[in-house]
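Asks: Have a look; sequence and predicted model below, questions after that.
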2 protein chains.
Amino acid sequence: MGRIYSKNEKAYLESIGIRIRDLRIKANLSQEKLAFACDLDRTYIGSVERGERNISVINLKKVSTALKITVSNLLNIDE
Amino acid sequence: MGRIYSKNEKAYLESIGIRIRDLRIKANLSQEKLAFACDLDRTYIGSVERGERNISVINLKKVSTALKITVSNLLNIDE
């Protein structure tokens, strides 16, 4: 939290957040339910969806497993 | 460093490390050259390749940009 990212980095984190939010809604999951399925905190999921977190691969794996897709698919966004 | 990962998490980090190492060698880059292209430390690249680091998406983006592939492609491994 509080780290300053470059404009491109911030845009990348935001695009990942939007992707996760879209997939979560498509899976008909609330932030609470996704967080519970990932064993992560709801506020953490919220901050990832807002592009505020530089999420690690292990947490990406948890989120993608809960969404029943691969990490590669989760990150399959325009870069 | 020093964090304890589960067996599955460790295996996942190791598979990412092997993937990055394979792609780096295929691109004919030393760890030093890849690190320089990513603006990361050589010892950091080494520890990622050994599966010792829970790499973040921003660093994955730096590595994949230096390897001229997408993050999604970089993480396109058996899970």
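Replies: Perfect, I can see it now.

Asks: pLDDT below threshold where in chain A?
Replies: A:1-2, A:79 (pLDDT under 70).

Asks: ok, for A:R24, nearest residue in space, not its chain neighbours?
Replies: A:L34 (5.1 Å; Cβ to Cβ, 6 or more residues apart in numbering or on different chains). No exception for glycine: its C-beta is placed from N, CA and C like everyone else's.

Asks: who's in contact with A:S64?
Replies: A:70-71, A:73-74 (Cβ atoms under 8 Å, 6 or more residues apart in numbering or on different chains).

Asks: Show the buried residues in the residues you listed.
Replies: Neighbour counting with 16 or more other Cβ atoms under 10 Å in any protein chain shown marks A:70-71, A:74 as buried within the contacts of A:S64.

Asks: need the contact list for A:L67.
Replies: A:20, A:23-24, A:27, A:29, A:34, A:74.

Asks: at 7 Å what do you get?
Replies: A:L67 makes contact with A:23-24, A:27, A:74, according to Cβ atoms under 7 Å, 6 or more residues apart in numbering or on different chains.

Asks: again, but for A:V71
Replies: A:57, A:60-61, A:64, B:75, B:79 are the contacts of A:V71 under Cβ under 7 Å, 6+ apart.

Asks: Now do the end-to-end distance for stretch A:27-40.
Replies: This stretch, stretch A:27-40, spans 17 Å end to end (Cα to Cα, to the nearest Å).

Asks: What residues of that stretch count as buried?
Replies: In stretch A:27-40, counting by 16+ other Cβ under 10 Å, buried: A:29, A:31, A:34-35, A:37-38, A:40.

Asks: and chain A, which of its residues are near chain B?
Replies: Counting by Cβ under 7 Å from any Cβ of the partner chain, the residues of chain A close to chain B are A:9, A:12, A:16, A:54-58, A:60-61, A:70-72, A:75-76, A:79.
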